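Q: just to be clear, the model below is a prediction. Sequence and coordinates:
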Protein chains: 2
Amino acid sequence: MKLSDVAAAAGVSSATVSLVLSENSDGRVSEIVEKRVRAQAKKLRYSPNLVARSLRTQKSKTIGLISDTVATTNFAGQMLAGAEETAWKRGWLLIFVDTSADSKNEERAIKALLQRNVEGFIYASMFHRKLDFPLQLKNQPTIFLHCSLNSLDTHSSVVPAEYASATLAMDFLIKNGHREIGWIGITNPTVGGRERSRAYIDAMKKLKVKDYKSLMFNTFESYANDGYVGAMELLQSPRRPTALFCFSDRMAMGAYRAANEVGLRVPQDISIMGFDNQPHIAEALWPPLSTMQLPHYEMGTWAANRLIDELENQDSGSTLCEQKEITCELIERDSVAPYHPLNK
Amino acid sequence: MKLSDVAAAAGVSSATVSLVLSENSDGRVSEIVEKRVRAQAKKLRYSPNLVARSLRTQKSKTIGLISDTVATTNFAGQMLAGAEETAWKRGWLLIFVDTSADSKNEERAIKALLQRNVEGFIYASMFHRKLDFPLQLKNQPTIFLHCSLNSLDTHSSVVPAEYASATLAMDFLIKNGHREIGWIGITNPTVGGRERSRAYIDAMKKLKVKDYKSLMFNTFESYANDGYVGAMELLQSPRRPTALFCFSDRMAMGAYRAANEVGLRVPQDISIMGFDNQPHIAEALWPPLSTMQLPHYEMGTWAANRLIDELENQDSGSTLCEQKEITCELIERDSVAPYHPLNK
DNA sequence: TATCTTTCGTTAATCGTTTAACTGGTTAAA
DNA sequence: TTTAACCAGTTAAACGATTAACGAAAGATA
């Protein structure tokens, strides 16, 4: 069913049909004709050919999301979901391409999307990092998702508020009476690793805990086993902490095992705090893990909304760019208990 | 850069450029002109406008994947990845839409894709199930991914070989000398639940284990805690099994906890076999869990290849449809040990 | 009455390709 | 010599929308 079919059925020209259906007919079409056109369009189940429209208008109501493996890395798929759903709700289509962190792929992907008249991009990273501007996106409307630019005054970006969120986690531990808090983290230089540990250190300083460095343990990676190793170290040291703040839920998972092995009960003997709220882990551990919910979904939502805002009012001068940080939500489950002198 | 720009630069008509660049110029363009055209195209960095081409040819080299939340459910995102990557490799674009299992959404999604001249569909399900044919896809080339049709002779589908794979898992346990094997599964009527438990039962029958039913425990859902409950029951019963076959890795995770609580070591005192090879769980447990790798990625690959095959040789009569089953791979880690009389 | 507006539509160009049909000249076959 | 085939391209019509520019009839104004 194309425009001209409807036009023929309604006995008018296709221009008229177009005018009516695009709500652009301010006084140019009589009410009676408009009704006739609408009736026929409905009857024939007309739906516009977006390819033709796109060719004519040079718009596509489509945005592209390019990412390094964001879809496969389980819980970060929430970013995709958030972006896709909001685009969808606002009448836009989101095309997602995974470049597997390969720059040749990335180039091809951007080209392929541009060839399809994509109007703007979301550039998403699997893990929180800073990067240089991808040149192929020069003068394309672009939002950075879960990453930000080294030179950050040209485009909007949205990332988790690592420092603020980790501070929230520490506050929670402290509010529960803990002072001897251990840190299990990573040396791998990522924004998350750096900022979360900085928050830990600042909180410990503020608490005036002396020599907190002996309560810190860092490994390079953040797998469960790294957490195990770190927790074994800390839990068996003479200065055993009463709570453990782990860089990630996976490390927390390892910490659980260490606690179990050492004969410490969670949370009665040792409180454990995670980070990420990784699905199928955080709530499946026993006891369920208290942790910080990374705002993946919200970030995806924000990025899509922002981009579409920019695209929909190109004329309006609202093209300010913003470096957005979203704070993680505290997910209180059962792995943190109030400190009690008897614990020790 | 459009065709006519290249044409002007090369001093020929745009038809000629089109002919040359589409490799359709069998003897219609002299070599010298062809060279000139190619040189100019390269110099001007011409890349065809796919929207215009699509309008003209009524093809889009694009397929749509519609799914109920396949992207957000972590490890099933591998299906998406598999489909997307193969489409990409073969020069096709895959557009993915998540319908959140809402039929209104699904209708809109299919319409939106059709409006963009999508040439075929992959219909993906988050969990293995059977369904009725979605009417909007009538006479659209469609492959069913991780699901199959109730009336299954019209379209191709690809699913995991549940029965065969579960049999493989049982064989592995049996090869390790176990006979008293417990089953922890679900009553929730899914293909996976039904077929895996059937494989268990058949294996036990074949082994001639008497009254194997007292070694089975089913709950409705398959969360970690359900596995815990089931394992507690089985491990504390007078007839304690020497191995546990769990419907899912998450249930196995619960079984680990139960074993630990009861004072049984994995795998020395109790062997545990999972199913799914769920990322971040199976390998993060201690000891790492032996399990079956669901062929998500391969299924995605198969679906995309199949669909594109169909689309690329529409003329050729190879439109046979196939009900494909892919067997899971056994992932041997450390949670299964040979049975030894002393174990008990 | 002559002229100007308004109203309600239509015409035709355009977006960037593809492709069937054509052209004008040369060469080969009958 | 006529006819046919071939060569190396070109012309122009699509594909299905949008939209600037135009136009005819009716009503308003001077």
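A: Yes, it's here. Residues are numbered from 1 along each chain as shown, chains lettered A, B, ... in the order given.

Q: mind listing what the residue lying closest to residue A:3 once chain neighbours are set aside touches?
A: Counting by Cβ to Cβ, 6 or more residues apart in numbering or on different chains, residue A:14 is the residue found nearest to residue A:3 once chain neighbours are left out, at 4.6 Å. Heads up, the C-betas are built off the backbone N, CA and C, glycines and all. Shown here is residue A:14, whose contacts under the criterion Cβ atoms under 8 Å, 6 or more residues apart in numbering or on different chains are A:3, A:4, A:6, A:7.

Q: near DNA strand D, from the residues you listed?
A: A:3, A:4 (Cβ under 7 Å from any atom of the strand).

Q: in CSV, list the contacts of residue A:14 along with pLDDT.
A: CSV is the format used below for these (pLDDT from 0 to 100):
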residue, pLDDT
A:3, 97
A:4, 97
A:6, 97
A:7, 97
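
Q: could you identify which of the contacts of residue A:14 has the most neighbours?
A: Neighbour tally across the contacts of residue A:14 (other Cβ atoms under 10 Å in any protein chain shown): the maximum, 25 neighbours, falls on residue A:6.

Q: contacts for the helix or strand hosting it, please.
A: In this assignment (DSSP states H and E), residue A:6 forms part of helix A:3-10. Around helix A:3-10, the neighbours that count as contacts under Cβ under 8 Å, 6+ apart are A:13-14, A:16-18, A:33, A:36-37, A:39-41, A:43-44, A:46, A:48.

Q: out of those, who's nearest residue B:306?
A: Distances from residue B:306 to these, taken as Cβ to Cβ, are shortest for residue A:48 (30.8 Å).

Q: how much space between whatever residue of the stretch 1-150 of chain A ends up closest to DNA strand C and DNA strand D?
A: Nearest to DNA strand C in the stretch 1-150 of chain A, going by Cβ to the nearest atom of the strand, is residue A:30, at a distance of 2.9 Å. According to Cβ to the nearest atom of the strand, to the nearest Å, residue A:30 stands 11 Å off from DNA strand D.

Q: quick one, phi/psi of the residue at minimal distance from the centre of chain A?
A: The centroid of chain A falls nearest to residue A:296 when counting by Cα atoms, centre = their mean (2.9 Å). Dihedral pair for residue A:296: phi -60, psi -50, per degrees, to the nearest 10.

Q: my guess is it contacts residue A:125. True?
A: No. Taking contacts as Cβ atoms under 8 Å, residue A:296 lies outside contact range of residue A:125: 11.7 Å.

Q: can you list phi and psi of whatever residue of the stretch 101-250 of chain A ends up closest to chain B for me?
A: Of all residues in the stretch 101-250 of chain A, residue A:224 sits closest to chain B, at 3.7 Å by Cβ to the nearest Cβ. When read as degrees, to the nearest 10, the backbone of residue A:224 gives phi -60, psi -40.

Q: what kind of secondary structure is residue A:64 in?
A: strand (DSSP: H, G, I helix; E, B strand; the rest coil).

Q: residues contacting the residue nearest to it when sequence neighbours are not counted?
A: Nearest non-adjacent residue to residue A:64, counting by Cβ to Cβ, 6+ apart: residue A:113, 3.9 Å away. Neighbour list for residue A:113: A:64, A:66, A:95, A:97, A:121 [criterion: Cβ under 8 Å, 6+ apart].

Q: which helices and strands does the strand ranked longest in chain A pack with?
A: In chain A, ranked by residue count with DSSP state E as the criterion, the top strand is strand A:120-131. Applying 3 or more Cβ pairs under 8 Å, 6 or more residues apart in numbering or on different chains; DSSP states H and E, we find strand A:120-131 packed against strand A:62-67, helix A:77-89, strand A:142-149, helix A:191-207, helix A:296-312.

Q: just give me the lowest mean pLDDT stretch among those.
A: Sorting those by mean pLDDT places helix A:77-89 lowest, at a mean of 92.

Q: quick one: that one to chain centroid distance?
A: 10 Å (Cα atoms, centre = their mean, to the nearest Å).

Q: buried ones only from the contacts of helix A:3-10, please, as a ChimeraX command.
A: Per 16 or more other Cβ atoms under 10 Å in any protein chain shown, the buried members of the contacts of helix A:3-10 correspond to this ChimeraX selection:
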select /A:16,17,18,33,36,37,40,41,46
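
Q: among the contacts of helix A:3-10, which are within reach of DNA strand D?
A: Among the contacts of helix A:3-10, DNA strand D is touched by A:14, A:18, A:48 when using Cβ under 7 Å from any atom of the strand.

Q: turn the residues you listed into CSV, including pLDDT.
A: Formatted as CSV, those follow (pLDDT from 0 to 100):
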residue, pLDDT
A:14, 97
A:18, 97
A:48, 97
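
Q: out of those, who's near DNA strand C?
A: Applying Cβ under 7 Å from any atom of the strand to these, those adjacent to DNA strand C are residue A:14.

Q: so which of the ones next to DNA strand D among the contacts of helix A:3-10 are in strands?
A: Short answer: those have none in strands (DSSP E).

Q: in helices only, show me the ones next to DNA strand D among the contacts of helix A:3-10.
A: A:14, A:18 (DSSP state H).

Q: what would the ones next to DNA strand D among the contacts of helix A:3-10 look like in CSV with distance to residue B:172?
A: Output for those, formatted as CSV (distance: Cβ to Cβ, whole Å):
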residue, distance to residue B:172
A:14, 67
A:18, 65
A:48, 56
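
Q: about what we covered before: next, count neighbours for the nearest residue to the residue nearest to the centre of chain A once chain neighbours are set aside.
A: Closest residue to residue A:296 apart from its sequence neighbours, by Cβ to Cβ, 6+ apart: residue A:78 at 3.7 Å. As a burial measure, residue A:78 scores 22 neighbours (other Cβ under 10 Å).
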